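**Student:** turn this into a structure:
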Amino acid sequence: MVDLSLTSSQQDIVDQARAVARRCLAPRAEQYDRAGEFPADNFADLAETGLLGLLVPAERGGLGADLVSYGLAVAELAEACGSTALIFAMHCGATRLLSASHDQAARDVLQAVVDKGELIAWGFSEPGTGGNVLKPQLRATATADGYTLVGTKAFCTGSGHVDHYLINTASGETEFRRSQSMFLLPADTVGLTVKETWDALGMRANCANTVQLDSTVDKSACVGGAGGGMPLLAHSLPALVLGLAAASLGVARAANAFATAHVTKRVHANTGANLAAYQGVRFDVAEMATRLHTAYLTLLHGAATAESDPMEALPAMNMAKYVCNTAAIDVADTAMQVTGGHGYLRSNALERHYRDARAGAVMGANLGALRDMIGKAALGLDPRES
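**Tutor:** Reported below is the predicted structural model:
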């Protein structure tokens, strides 16, 4: 028998995320979206609840949550504010990477996350390689006392408003396992410049700005040592992939909730019946409900597999992201059709969900890349090839 119920500790985390999302995040979502402004008050509230340390191990003062709790918590936040959820997911991915390191600098930053509510931005996308985190062009050149970092990171979520940046670079090593180095940089690092380039269709409060680096840093900034980034990245990748999937699930839920509320209340003037009385509308509602349930189950499976069998979890995680990303797009589109002109108005939340739904398809591995990796895995090929 398959048991899909949550443990009491998992449910507690989901309930906590839902409470802060509904009480604090949802009322501010529209203003942050309209202004394209970093949701600073939201992160102050998340810090107060301790959720910023969600993936920080308990022995280091965090909540020590598993990936199932994490994914469902991100979905709760995204149902209220997609931008906040994405920034949160990238931050948590960074904390998971640092939690796998024994470096003192990593430990100090994790302590600051737990004690002071400090935030970390993850810098892996680049203008030339996009979201292909395995192929960074930014290189770290060793000096007598440290490294020089010269290059550009694009779509760096939360940049300009965080306390630390986690940057991946090419190490110059030819062996795949040693091909990357990770650097943990304070926001005030000399030569680190944020260009406010983010003005997007959706996730407008995401502040995924461009980060330019022309910096010389101490050896201690290199987390895991030169060429030690790939094992750390492997530890954090599930949080990044599942976080993006969960954010899409939350946006899809929000679009569905708006549509179902509308069809149960909207009364047709000619018949006196609400829209739920029409079979065609119920067909659309059934499609949305089915897509949401499928996405939820796929996310659960991806997260559970990443916990129990991390070496074989990549196909399941890719499927989770693909299913959740496409569900968000399809559910938001159907919701717009069901609500008509009412949903199209900027005064209603659905148009924000409709725009936010598109983000997942181009963030991280895009839909085309996901299909290719899923197809390779299904054919017994290495999905990481090329």
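
**Student:** and residue 209, its phi and psi?
**Tutor:** The phi/psi pair for residue 209 (degrees, to the nearest 10) reads phi -80, psi 180.

**Student:** excluding sequence neighbours, find me the nearest residue to it.
**Tutor:** Excluding the flanking residues, the one nearest residue 209 by C-beta to C-beta, 6 or more residues apart in numbering is residue 159, at 4.3 Å. Where you see a C-beta, it was placed from the backbone N, CA and C, and this is true even at glycine.

**Student:** pretty sure the one you found sits in a helix.
**Tutor:** No - judged by DSSP: H, G, I helix; E, B strand; the rest coil, residue 159 forms no part of a helix; its state is coil.

**Student:** that one touches residue 212, doesn't it?
**Tutor:** No - counting by C-beta atoms under 8 Å, residue 159 does not reach residue 212; the two are 10.4 Å apart.

**Student:** need the overlap of contacts for those two.
**Tutor:** Both residue 159 and residue 212 are contacted by residue 194, under the criterion C-beta atoms under 8 Å, 6 or more residues apart in numbering.

**Student:** of those two, who's got more company?
**Tutor:** residue 159 (28 against 15; other C-beta atoms under 10 Å).

**Student:** roughly how far does the more buried one sit from residue 231?
**Tutor:** 25 Å (C-beta to C-beta, to the nearest Å).

**Student:** ok, now residue 52?
**Tutor:** Residue 52 is 24 Å from residue 231, by C-beta to C-beta.

**Student:** more crowded one of those two?
**Tutor:** Counted by other C-beta under 10 Å, residue 52 and residue 231 do not tie: residue 52 has more neighbours, with 24 against 16.

**Student:** look up phi and psi at that one.
**Tutor:** Dihedral angles for residue 52 - degrees, to the nearest 10 - are phi -70, psi -20.

**Student:** could you shift the numbering so residue one becomes 48, and keep it that way?
**Tutor:** Got it, the first residue is 48 from now on, which makes the last one we talked about residue 99.

**Student:** that one reaches residue 92, doesn't it?
**Tutor:** No - counting by C-beta under 8 Å, residue 99 stays clear of residue 92, with 10.2 Å between them.

**Student:** doesn't residue 231 lie inside a strand?
**Tutor:** Yes - the assignment for residue 231 (three-state DSSP) places it in a strand.

**Student:** let me know the average pLDDT across the helix or strand containing residue 293.
**Tutor:** For residue 293, the host element (DSSP states H and E) is helix 276-312. Mean pLDDT, helix 276-312: 95.

**Student:** for that helix, what is the distance to the chain centroid?
**Tutor:** How far helix 276-312 lies from its chain's middle: 7 Å, per C-alpha atoms, centre = their mean, to the nearest Å.

**Student:** next SSE after that helix?
**Tutor:** Counting by DSSP H and E, the next helix or strand C-terminal to helix 276-312 is helix 326-355.

**Student:** which helices and strands sit right next to the following helix or strand past that following helix?
**Tutor:** Next along the chain after helix 326-355, taking DSSP H and E as the criterion, comes helix 361-386. Secondary-structure packing of helix 361-386 (3 or more C-beta pairs under 8 Å, 6 or more residues apart in numbering; DSSP states H and E): helix 276-312, helix 326-355, helix 388-391, helix 397-404, helix 414-425.

**Student:** can we see that at 6 Å?
**Tutor:** Applying 3 or more C-beta pairs under 6 Å, 6 or more residues apart in numbering; DSSP states H and E, we find helix 361-386 packed against helix 276-312, helix 326-355, helix 397-404, helix 414-425.

**Student:** find the helix or strand that residue 395 is a member of.
**Tutor:** Under DSSP H and E, no helix or strand contains residue 395.

**Student:** what's around the nearest residue to it once chain neighbours are set aside, how many residues?
**Tutor:** Nearest non-adjacent residue to residue 395, counting by C-beta to C-beta, 6+ apart: residue 389, 6.5 Å away. Look at residue 389: counted by other C-beta under 10 Å, it has 15 neighbours.

**Student:** contacts only, for the residue nearest to residue 253 when sequence neighbours are not counted.
**Tutor:** Nearest non-adjacent residue to residue 253, counting by C-beta to C-beta, 6+ apart: residue 130, 4.6 Å away. Applying C-beta atoms under 6 Å, 6 or more residues apart in numbering, we find residue 130 in contact with 250, 252-253.

**Student:** most neighbours among the residues you listed, please name it.
**Tutor:** residue 250 (30 neighbours).

**Student:** can you tell me the SS state at that residue?
**Tutor:** Secondary structure state of residue 250, per three-state DSSP, is coil.
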